[in-house]
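> Could you work out the structure for the sequence below:
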Amino acid sequence: MREYFRNIRQNRIKLRMAQKRLRDMQENMAAISSPDLSGMPKGSRSSGDANMAHDVSEILEQEKYIDILKSRTARESIKAEKIIRSLKNPVEAAVLFARYIDIKEWNDIVKFIYSDKKDLDYNFEKYKKRVYRAHKKAFEHLEEKRNES
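Sure, this is the predicted structure:
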């Protein structure tokens, strides 16, 4: 079960990174190149057109890849959310949801779950251990459910 959720998290991270790469590619393509002030000839215009065509082709490929990742992560997320909602303990469910669906880091999960605690800054490590325990217990409960069925 842990491996299943780990794969979901990795696929969601891949999707975010692919989307970031696409934005970077689009920004680079849209950037205005600075004029060449060296006085040297610029070369033929066709090489610029070829570069533009190559850039457009790469962007289209990246968009296709993102569409594939989106459909995969959407299917996985629906199934994972259903599994997470089956947990009786709301903290366990919140930890798994934050970690594997929202792909938050541990410290962010602690802040998310225990933000109402006045001693959070002072006892951060204590609350972090609680999050780790809730994470472990959540998987134990999911394994129990899986073994029952």
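
> what's the domain layout of this structure?
Using automatic domain parsing, the domain ranges for the chain come out as 1-31+45-79, 86-149.

> Please identify the most buried of these.
domain 86-149 (a mean of 15; mean count of other C-beta atoms under 10 Å). In this view, the C-beta of every residue, glycine as well, is placed from N, C-alpha and C.

> Let me see the mean pLDDT of that domain.
The pLDDT scores in domain 86-149 average 94.

> do stretch 31-44 as well
Computed over stretch 31-44, the average pLDDT equals 62.

> Do I have it right that residue 86 meets residue 148?
No. Counting by C-beta atoms under 8 Å, residue 86 sits too far from residue 148 to count as a contact (11.4 Å).

> which stretches of this protein form helices?
Secondary structure of the chain (DSSP state H): helices at 2-30, 45-85, 90-96, 106-114, 124-148.

> from what I can see residue 108 touches residue 95, true?
No. Judged on C-beta under 8 Å, residue 108 makes no contact with residue 95 at a distance of 11.4 Å.

> what sits in contact with each of the two?
Listed as contacting both residue 108 and residue 95 by C-beta atoms under 8 Å, 6 or more residues apart in numbering is no residue at all.

> Please save the CA atoms from stretch 119-136 in CSV.
Extracted in CSV, the C-alpha atoms of stretch 119-136 (Å, rounded to 0.1, in the frame of the first residue of the first chain):
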residue,chain,number,x,y,z
ASP,A,119,3.0,26.0,21.3
LEU,A,120,3.6,24.8,17.7
ASP,A,121,6.9,26.7,17.3
TYR,A,122,8.2,25.7,20.7
ASN,A,123,7.2,22.0,20.3
PHE,A,124,7.4,21.6,16.5
GLU,A,125,9.4,18.3,16.8
LYS,A,126,6.8,16.8,19.1
TYR,A,127,4.1,17.6,16.6
LYS,A,128,6.2,16.3,13.7
LYS,A,129,6.5,13.0,15.6
ARG,A,130,2.7,12.9,15.9
VAL,A,131,2.4,13.4,12.1
TYR,A,132,4.9,10.5,11.5
ARG,A,133,2.9,8.3,13.9
ALA,A,134,-0.4,9.2,12.2
HIS,A,135,1.2,8.4,8.9
LYS,A,136,2.4,5.0,10.1
